[in-house]
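K.L.:
Quick one, structure for this:
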Amino acid sequence: MQQANEVTKENLGQMVNLFYTKVLKDEIVGPFFIEKLGDDMKNEQWVPHLELLTNFWASIALGDFAYKGNPFAPHADIKNLSREAFSRWLELFAQTLDTVYVPQIANQFKERSTIIAGNFMRNLRL
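P.N.:
Residues are numbered from 1 along each chain as shown. Presented below is the predicted three-dimensional model:
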């Protein structure tokens, strides 16, 4: 895969799909998602979730207005979330960003995702 040197809704969708393909295979974070959404990214729970997340990142990176939601709220209901799970999520996300985007863009996403994860952990008292 050639690294993108600009952010588009299309490559955001590719990034989200590649990322969650990795997540589902991961023994630390995978079970959280499988419990809520199942293990088939083409099922009726995953498809809208992937679209929602693509829209979320598009709102951050492109100022797109398609995202409607509260990114924190779903996390408040997940049992047994840990700092380790957030760290692993960030690690997998960074690996995916490095695959999809040139370093300058990947690093902007890494910085933003680290801030978001820190806020979530603070709000969850982790």
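K.L.:
List the contacts of the helix or strand containing F56.
P.N.:
Assessed by DSSP states H and E, F56 sits inside helix 46-62. If you take Cβ atoms under 8 Å, 6 or more residues apart in numbering as the criterion, helix 46-62 is touched by 7-9, 12-13, 15-17, 20, 37-38, 40-41, 64-69, 71, 108-109, 112. Heads up, the C-betas are built off the backbone N, CA and C, glycines and all.
K.L.:
run the last query once more with 6 Å
P.N.:
Applying Cβ atoms under 6 Å, 6 or more residues apart in numbering, the external contacts of helix 46-62 come out as 7, 9, 12-13, 16, 37, 64, 66-67.
K.L.:
and the helix or strand that comes right after it, average pLDDT?
P.N.:
Sequence-wise, the next helix or strand downstream of helix 46-62 (DSSP H and E) is helix 73-76. The average pLDDT for helix 73-76 rounds to 91.
K.L.:
Would you mind writing the CA trace of helix 73-76 as PDB?
P.N.:
Extracted in PDB, the C-alpha atoms of helix 73-76 (Å, rounded to 0.1, in the frame of the first residue of the first chain):
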ATOM      1  CA  ALA A  73     -20.300   7.700  25.800                       C
ATOM      2  CA  PRO A  74     -19.900   4.100  24.400                       C
ATOM      3  CA  HIS A  75     -16.700   3.700  26.400                       C
ATOM      4  CA  ALA A  76     -18.300   4.400  29.700                       C
END
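K.L.:
mind showing which ranges of the protein have poor pLDDT?
P.N.:
Across the chain, nothing is flagged by pLDDT under 70.
K.L.:
just checking, what's the longest helix in it?
P.N.:
Longest helix of the chain, by residue count under DSSP state H: helix 103-123.
K.L.:
buried ones in that helix?
P.N.:
105-106, 109-110, 113, 116-117, 120-121 (16 or more other Cβ atoms under 10 Å).
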